[in-house]
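**Student:** below are the sequence and a predicted model for it; my questions follow.
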Amino acid sequence: MAKLPTSSSELSPDGPVQPWYKEVTWYHWLVVIIASAGWLFDCMDQRIFILAREPALRELLGDVSDKMVKDWSGWATAMMMIGWATGGIIFGMTSDRLGRVKTMVITLLIYSGFTGLSGMSRTGTEFIIYRFLVGLGVGGMFGAATTLVAESVPSRFRVLALGSLQALSAMGNIIGSLLSIWIQPGKDNFIGNYSGWRVIFFVGILPAILVIPIMLILREPEVWKEAKRKVKEGTDPSKHIGSIPDLFRDSVLRRNLLVGVALGLAGMAGLWGIGFFSPELISAALEGKSQEVIDVVKGRATALQDVGAFFGMMTFTFVAAFVGRKPAFFGAFILCLVTTIFVFNYLETEMDAYWMLPIMGFAHLSVFGGYSIYFPELFPTRLRGTGVGFCYNTVRYLAAGFPPALMYLRTAMETHGVDDPFRKAATALSFIFALGLFALIWAPETKGQPLPE
């Protein structure tokens, strides 16, 4: 992608080039806003789950040990990630074959509907099943939203639009955290006989309203329509729309796919296997405090973690635009490794949570800003949704093993008398970020390049 021109005086061989923002119409802004809202509410659901999973399972499982609750929390997270991976594959292909807009509608209704049903769970098993189904919708939204934006906006606006889409997802996390301060998940009988965790899941139904502007305003990208037409009318039987085998047949696409998977696994496993266990870290640090106090600290601290995430993704966007994608990823993964080890070893007090978690959030989510920018640049239009969905979501099958692995390591270390086993287990798993650094050896630099057709 060409850099954003800084003034109208920049020249091309044909004369002055107008500023990039003059190419952006109201429709382009609406595409970014609506697509960002779809992903924003998706992330709000994720944050609600992270904050409510422990009190939900504590109530649903009945009189069981704290270890049992934490183990079930790990499995619930893993099952949602498996659903996420499955939905990413299915709906990635769907977005290439059926359309970006239609896929957004389907995935939005799935994740909002089953979030509401999570609040109706009667057993731990039922809760986990609903979380798997939520994951199907969550996994499909990202690929559809990013490919829609990438193909709909002018090329000089693309990196800022995609970076903003991912950065605004932090607002969804912040909304979820702030909701948990008002609707405390651990509070019994918050409304009538409904505990706080049930009520906060019911709120997760509301994003379904976004279906209305999606259907009324958004249009399928012209480049997608043209690519679909060319494949239908083409004579090359080896080219298909939304085909996973096609990603492996071509050597360049295969390399890009494997690079994307490695980058995605490093960030996904680090965030969901370690970073998103910050509420449990707060519980460990504030042991002895009342549950009400702990809930409030969790809500505030995770909101601040998400504020850090917003600035991390925006920082990545500007570094990627003006320096390059590979340098941005390199700096982000180094920061992920250092901050994760620091926070999980030194967070001890309420005030520590308020300043340490934003730093970790900045690091962990910065790479996710890179995914929204970089992944669509690796694949041609006929395979873009499939490729993005594969890189961003398939890795969750592997990353899904990290939450249970964290709990297994914690238990094993505790059995062997290791001090602070939860913190030490998180430290050991944090070296997954090194995988992202290793993958950059083969990663192509796409700065200044048009989207492949």
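**Tutor:** Done, it's in.
**Student:** could you use CA atoms for every contact and neighbour count after this?
**Tutor:** Will do.
**Student:** pLDDT weak spots in the stretch 1-150 of the chain?
**Tutor:** The model of the stretch 1-150 of the chain has pLDDT under 70 over residues 1-17.
**Student:** all helices for it, in order.
**Tutor:** 26-61, 66-97, 100-118, 124-152 (DSSP state H, counting those that start in this stretch).
**Student:** of all the ones you listed, which lies closest to Met351?
**Tutor:** In terms of C-alpha to C-alpha, the element of these nearest to Met351 is helix 26-61, at 19.1 Å.
**Student:** what's the closest of the helices of the stretch 1-150 of the chain to Gly385?
**Tutor:** Among those, helix 66-97 sits nearest to Gly385 (C-alpha to C-alpha), with 4.8 Å.
**Student:** what packs against the closest one?
**Tutor:** If you count contacts as 3 or more C-alpha pairs under 8 Å, 6 or more residues apart in numbering; DSSP states H and E, helix 66-97 packs onto helix 26-61, helix 100-118, helix 124-152, helix 381-389, helix 395-399, helix 402-415.
**Student:** okay if I get those as a markdown table plus mean neighbour count and distance to Glu226?
**Tutor:** As requested, the helices and strands packed on helix 66-97 are exported to a markdown table (neighbours: other C-alpha atoms under 10 Å; distance: least, C-alpha to C-alpha, whole Å):
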| stretch | mean neighbour count | distance to Glu226 |
| --- | --- | --- |
| helix 26-61 | 22 | 19 |
| helix 100-118 | 23 | 14 |
| helix 124-152 | 26 | 12 |
| helix 381-389 | 31 | 9 |
| helix 395-399 | 23 | 30 |
| helix 402-415 | 19 | 41 |
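**Student:** residues contacting Gly436?
**Tutor:** Ala262, Leu263, Gly264, Leu265, Ala266, Gly267, Phe329, Phe330, Phe333 (C-alpha atoms under 8 Å, 6 or more residues apart in numbering).
**Student:** what about 6 Å?
**Tutor:** Going by C-alpha atoms under 6 Å, 6 or more residues apart in numbering, Gly436 touches Leu263, Ala266.
**Student:** buried ones in the strand or helix carrying it, by neighbour count?
**Tutor:** Assessed by DSSP states H and E, Gly436 sits inside helix 433-439. Within helix 433-439, the residues that qualify as buried are Phe433, Ala434, Leu435, Gly436, Leu437, Ala439, counting by 16 or more other C-alpha atoms under 10 Å.
**Student:** pick the one among those residues closest to Ile34.
**Tutor:** Distances from Ile34 to the buried residues of helix 433-439, taken by C-alpha to C-alpha, are shortest for Gly436, at 30.7 Å.
**Student:** how close does the closest one sit to Gly369?
**Tutor:** 14 Å (C-alpha to C-alpha, to the nearest Å).
**Student:** cool, Thr146 as well?
**Tutor:** 11 Å.
**Student:** and Asn345, by the same measure?
**Tutor:** Separation of Asn345 from Gly369 (C-alpha to C-alpha) stands at 26 Å.
**Student:** pLDDT score assigned to Phe318?
**Tutor:** Phe318 is assigned 93 on the pLDDT scale.
**Student:** burial count for it?
**Tutor:** 16 (other C-alpha atoms under 10 Å).
**Student:** leaving out chain neighbours, which residue sits closest to it?
**Tutor:** Leaving aside its sequence neighbours, Phe318 sits nearest to Leu160 (C-alpha to C-alpha, 6 or more residues apart in numbering; 7.8 Å).
**Student:** tell me the angle whichever strand or helix holds the one you found makes with helix 124-152.
**Tutor:** Remark: Leu160 resides in helix 155-182, with elements defined by DSSP H and E. With axes from the mean of the first three to the mean of the last three C-alpha atoms, to 10 degrees applied, the angle from helix 155-182 to helix 124-152 works out at 150 degrees.
**Student:** and the angle for the very next helix or strand once past helix 155-182 with helix 26-61?
**Tutor:** Following helix 155-182 in sequence order, the next helix or strand is helix 196-203 (DSSP H and E). Between helix 196-203 and helix 26-61, the angle comes out at 150 degrees (the same axes, to 10 degrees).
**Student:** can you tell me the average pLDDT over helix 196-203?
**Tutor:** 93.
**Student:** mind starting the numbering at 31 from now?
**Tutor:** In the new count, where the first residue is 31, that last one comes out as helix 226-233.
**Student:** just how off-centre is that helix within its chain?
**Tutor:** From the chain centre to the centre of helix 226-233 is a distance of 22 Å (C-alpha atoms, centre = their mean, to the nearest Å).
**Student:** need the contact partners of it.
**Tutor:** Ala82, Thr145, Gly146, Gly149, Ile213, Gln214, Pro215, Lys217, Phe220.
**Student:** again, but for stretch 104-120
**Tutor:** 158, 161-162, 165-166, 168-170, 419-420, 423-424, 426-427, 430, 433-434.
**Student:** dump it to PDB, restricted to CA.
**Tutor:** In PDB, the C-alpha atoms belonging to stretch 104-120 read as follows (Å, rounded to 0.1, in the frame of the first residue of the first chain):
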ATOM      1  CA  GLY A 104     -10.200 -23.200  31.000                       C
ATOM      2  CA  TRP A 105     -12.300 -25.800  29.200                       C
ATOM      3  CA  ALA A 106     -15.200 -23.300  28.500                       C
ATOM      4  CA  THR A 107     -12.600 -20.900  27.000                       C
ATOM      5  CA  ALA A 108     -11.100 -23.700  25.000                       C
ATOM      6  CA  MET A 109     -14.500 -24.800  23.600                       C
ATOM      7  CA  MET A 110     -15.400 -21.200  22.600                       C
ATOM      8  CA  MET A 111     -12.100 -21.000  20.800                       C
ATOM      9  CA  ILE A 112     -12.700 -24.300  19.000                       C
ATOM     10  CA  GLY A 113     -16.100 -22.900  17.900                       C
ATOM     11  CA  TRP A 114     -14.400 -19.700  16.900                       C
ATOM     12  CA  ALA A 115     -11.900 -21.600  14.700                       C
ATOM     13  CA  THR A 116     -14.700 -23.700  13.100                       C
ATOM     14  CA  GLY A 117     -16.800 -20.600  12.400                       C
ATOM     15  CA  GLY A 118     -13.800 -18.800  11.000                       C
ATOM     16  CA  ILE A 119     -13.200 -21.600   8.400                       C
ATOM     17  CA  ILE A 120     -16.900 -22.100   7.500                       C
END
